[in-house]
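> Mind folding the following:
(chains A and B)
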Amino acid sequence: MKTSRFHLATLKETPVDAEIVSHQLMLRAGLIRRLASGIYTWMPLGLRTLRKVEKIVREEMDRAGALEVLMPSIQPAELWQETGRWDQFGPELLRLKDRHQRDFCIGPTHEEVIADIFRREIKSYKQLPITFYQIQTKFRDEIRPRFGIMRAREFIMKDAYSFHVGQESLQQTYDVMYQAYSKIFDRLGLAYRSVTADSGAIGGNSSHEFHVLADSGEDAIAFSNQSQYAANVEMAEAVPGDKTRAKPGAAMKTIDTPGKHTIEEVAKTPGIDIDKCLKTLIAEADDGGLVALVLCGHHELNPLKAEKLEGVASPFKLAERDNINAQLRIDIGSIGPVGLEIKIYVDRSAALVSDFVCGANADGQHYINANWGRDCDEPEVVDIRNVEEGDPSPDGKGRLKILRGIEVGHIFQLGDKYSESMQATVLDENGKEAVTKMGCYGIGITRIVAAAIEQNNDASGIYWPDSLAPFQLVICPINYHKSERVKKAAEDLYQDCLKRGIEVLLDDRPLRPGVMFSDMELIGVSHRIVLSERGLSAKQFEYKGRRDQSASNYELTELPSFLDGLFKRTCKSA
RNA sequence: CGGGGUGUAGCGCAGCCUGGUAGCGCAACUGCUUUGGGAGCAGUGGGUCGGGAGUUCGAAUCUCUCCACCCCGACCA
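Prediction:
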């Protein structure tokens, strides 16, 4: 491709409303353009990379034995009513009516459609297991789309669905998919982690998320520095650093802490150690009452864990201040477990603190030297906090480190949730009707592009992994339009590269070198060859890899073997 | 949804407070010069100032209204 015939839509200035670096660079490099909030056009350059992601995903899905289909993006309401999700889904589901006033939605996912196809097509256990997949545009009407492609409303997803008789078969395919996903992210050339994840309300035994590691990632991942353990922070079991609780010391005492409500404020009181401070959070109970949750002052509550406790309202909700005032007759900021007459759950770590500091259930007063089992009941110990860096790994090996990641893949076992409500059944070997088990496997195709940039960028722009670069090589001729000799050399090299099957870009624009170079670095072309009068006279060409600090000169006679070396894996045989 | 903010040329912005009919940089176009890291000079084109209504002799500017977009939203007990 010659740049004069391509639409290189680079921008010098960063659009002001692009918040994260991948969004900025995608706009500046001309990969995408915004059409409406959370809705983007893929420009020619961006589409080249997007197609590469698709190709790798498609190849690995095919290799894993999945069958590609393409389902409609517009889906009839009846299917969603069958599973009850028409009502459950809320405003995230974009609904519309056709001219006959029939209800439809734009598919945010395709469980219903695939289950419908399945029940029409598959009748016998002999046809199982079977896995269908598609690469399709989805729409989720996010409350707040942001970060460009990263959290867009319209996006492209690869979604696959497997059907089975029996858990064992499901587990087998799940494992195959896990391997396929690992292969995909290996081939994409991204630093990633697979982590055990929350399988959510759907249930099922196994669930893994695949995260591309990047500091700007929205999810925190905890993993062991000594073992393979890795989990979403929300899911990771919090194990206390201490093993046992020290014996109580001095008697409990009330101190005045006027105006001090937060742990930070209380800890400033002379003689108080922040590690001894416990905080008492009040959550709504499922019967309209309140539940107390006690944690160490510096720990963070994990609402997902808390809402699973008996008596705690689900979804989890901290109680409103007015509600607390009304039911407990105490104001927030001075609540503590001593003498508190509601259900109290205590985090594992908090339960191991002796001589602790806590609210005295009277405004402006705290207790010091309070102790479980002495000044109040022995605690009901639960795991309700987020893990922190340095916590022991739950598998007993090593300590946890925390990294940030961008979720780009998620596999889980649906079990019979959809197959049952939609009667996706087959006849088993006894001629009896059997409800199938389903697996579901998603990859965010468009998000991968953004995540790849988020992970691979520098001051000049994007540096793609080889597998994703929109072009492999750019030829930058200096004075292409003035020097016949440079022009001929560039054209010859260009033709040679095309013959070799290299995805090559010839920058034949009448631009100063600096402009060419910075454009090519911005869009992330992996390799650059410069041809100039000066170089040709010395029988040399110049090469610079996108991430190299500086360029190097090589003899022109070595050019063919140089190209062989650079592209030996990707070239078609000449 | 709640809170905050912004809409002026393709992009980034000034002008608004204090009303007088729109400007700067980049980009684009033409010509000349320049040609190894986002060039210089000269010239040109491009705006119903987000939409509508109102106040006024006169509105980008003041008022009302609608729309679009952006940012933040348990972490406090």
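> alpha carbons only for contacts and neighbour counts from here, please
Will do.
> and the closest residue to A:Leu213 other than its chain neighbours, what does it touch?
Leaving aside its chain neighbours, A:Leu213 sits nearest to A:Gly405 (4.3 Å; criterion: C-alpha to C-alpha, 6 or more residues apart in numbering). Residues in contact with A:Gly405, defined by C-alpha atoms under 8 Å, 6 or more residues apart in numbering, are A:Tyr192, A:His211, A:Val212, A:Leu213, A:Ala214, A:Asp215, A:Ser216, A:Gly217, A:Glu218, A:Asp219, A:Ala220, A:Ile221.
> same deal with A:Leu25?
A:Thr14, A:Ile453, A:Gly461, A:Ile462, A:Leu522.
> on that earlier part again, any of the contacts of A:Gly405 buried? List them.
Neighbour-count burial (16 or more other C-alpha atoms under 10 Å) applied to the contacts of A:Gly405 gives A:Tyr192, A:His211, A:Val212, A:Leu213, A:Ala214, A:Ser216, A:Gly217, A:Asp219, A:Ala220, A:Ile221.
> Smallest distance to RNA strand B belongs to which residue of the stretch 401-550 of chain A?
Closest residue of the stretch 401-550 of chain A to RNA strand B, C-alpha to the nearest atom of the strand: A:Gly514 (2.7 Å).
> tell me which element that residue falls in.
According to DSSP states H and E, A:Gly514 maps onto helix A:513-523.
> and that helix, what other elements does it pack with?
Applying 3 or more C-alpha pairs under 8 Å, 6 or more residues apart in numbering; DSSP states H and E, one finds that helix A:513-523 contacts strand A:461-462, strand A:473-477.
> Name whatever forms a beta bridge with the residue nearest to A:Leu213.
Here A:Gly405 sits in beta bridges with A:Leu213, A:Asp219, as judged by DSSP bridges.
> Report how many residues lie close to the residue nearest to A:Thr269 when sequence neighbours are not counted.
Distance criterion C-alpha to C-alpha, 6+ apart; nearest residue to A:Thr269, sequence neighbours excluded, is A:Thr257 at 7.7 Å. Using other C-alpha atoms under 10 Å as the criterion, A:Thr257 is surrounded by 18 other residues.
> hey, which helix is longest across chain A?
The residue-count maximum for a helix in chain A (DSSP state H) belongs to helix A:167-188.
> Only alpha carbons, please: show the helix or strand that it is followed by as PDB.
Downstream of helix A:167-188, the first helix or strand assigned by DSSP H and E is strand A:192-196. C-alpha atoms of strand A:192-196 as PDB (Å, rounded to 0.1, in the frame of the first residue of the first chain):
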ATOM      1  CA  TYR A 192      -2.100 -11.600  30.000                       C
ATOM      2  CA  ARG A 193      -3.200 -13.700  33.000                       C
ATOM      3  CA  SER A 194      -6.100 -16.100  33.300                       C
ATOM      4  CA  VAL A 195      -7.800 -15.800  36.700                       C
ATOM      5  CA  THR A 196     -10.500 -17.600  38.500                       C
END
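> and the direction of the helix or strand just after the helix holding A:Gly514 versus that of strand A:473-477, what angle?
Taking DSSP H and E as the definition, the helix or strand that follows helix A:513-523 towards the C-terminus is strand A:527-531. On the basis of axes from the mean of the first three to the mean of the last three C-alpha atoms, to 10 degrees, strand A:527-531 is oriented at 20 degrees to strand A:473-477.
> Quickly list the domain ranges of chain A.
Taking automatic domain parsing as the reference, chain A has its domains at A:15-190+A:412-453, A:253-382, A:471-567.
> Next, the distance between the ends of the longest one.
Counting by C-alpha to C-alpha, to the nearest Å, you get 17 Å between the two ends of domain A:15-190+A:412-453.
> So what sits opposite the residue in the stretch 51-200 of chain A positioned nearest to RNA strand B in the bridge?
Distances between the stretch 51-200 of chain A and RNA strand B by C-alpha to the nearest atom of the strand are smallest at A:Arg146, namely 4.6 Å. Beta bridges link A:Arg146 to A:Arg151, judged by DSSP bridges.
> got a list of what A:Ala351 touches?
With C-alpha under 8 Å, 6+ apart, A:Ala351 has these contacts: A:Arg245, A:Trp372, A:Pro379, A:Val381.
> Out of the residues you listed, which end up buried?
For the contacts of A:Ala351, a neighbour count by 16+ other C-alpha under 10 Å gives the buried set as A:Trp372, A:Pro379, A:Val381.
> how far away is the closest residue to the first one other than its chain neighbours from RNA strand B?
Nearest residue to A:Trp372, sequence neighbours excluded (C-alpha to C-alpha, 6+ apart): A:Glu378, at 5.2 Å. Here the criterion is C-alpha to the nearest atom of the strand, to the nearest Å. By it, A:Glu378 lies 19 Å from RNA strand B.
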